[in-house]
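**Student:** next comes the sequence, and after it the predicted model I'd like to discuss.
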Amino acid sequence: MTREEALAIINGERTEKAPRRPPVQREHNLQTACIRWARYQFPKLTIFAIPNGAWCGYKQGRKLVAEGMLKGVPDIFVALARKGYHGLFIEMKAGKKGVVRDEQSEMLIKLQSEGYQCAVCRTFEQFQQIIIDYIR
């Protein structure tokens, strides 16, 4: 170790890049827990994910767009007509940092105007309340 490296360590400076950690999939984990809960609590409920934001290669992305994938479509759909709505769309965001993009906001407004209830969900407890309020 050189004198400069030792001084850098003492002064709290980085001498080499820290290993990159894989990103935490908070939204994925939240959505997985929510879907599991809903299917356990309401086994006859038709609830499914719309994997519009899945990362894929260029060729696969083009195929998905050609098949009808559309920016801004919410993450989850509950196929159950209730309280004058045709169904329920839920956009999942992990915590306060999850930002609803412009395309997502516009899509939520459009879906509401077409007779669907729409919600943005940031916590497990919020998801539970949204589902319970919609079903009952």
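**Tutor:** Alright, I've got the coordinates. Everything numeric here is computed off the predicted structure, so don't read it as measured data.

**Student:** helix or strand for C118, which one?
**Tutor:** strand 117-121 (DSSP states H and E).

**Student:** quick check: next helix or strand after that strand?
**Tutor:** Next along from strand 117-121, by DSSP H and E: helix 124-135.

**Student:** just checking, what packs against that next one?
**Tutor:** With contacts defined as 3 or more Cβ pairs under 8 Å, 6 or more residues apart in numbering; DSSP states H and E, helix 124-135 has these neighbours: helix 26-41, strand 88-92, strand 117-121. C-beta coordinates here come from the backbone N, C-alpha and C atoms, glycine included.

**Student:** could you identify which of the ones you listed is most buried?
**Tutor:** Of these, the one with the most neighbours on average (mean count of other Cβ atoms under 10 Å) is strand 88-92, at a mean of 23.

**Student:** rank the helices and strands packed on helix 124-135 by pLDDT, which is bottom?
**Tutor:** With a mean of 94, helix 26-41 has the lowest mean pLDDT of the helices and strands packed on helix 124-135.

**Student:** pull the distance from it to the chain's centre.
**Tutor:** On the basis of Cα atoms, centre = their mean, to the nearest Å, helix 26-41 sits 11 Å off its chain's mean C-alpha point.

**Student:** start the count at 54, not 1, going forward
**Tutor:** Will do, 54 is the new start, and the previous item becomes helix 79-94.

**Student:** other residues contacting that helix?
**Tutor:** 98, 100, 102, 128-129, 131, 145-148, 151, 174, 176-177, 180-181, 184 (Cβ atoms under 8 Å, 6 or more residues apart in numbering).
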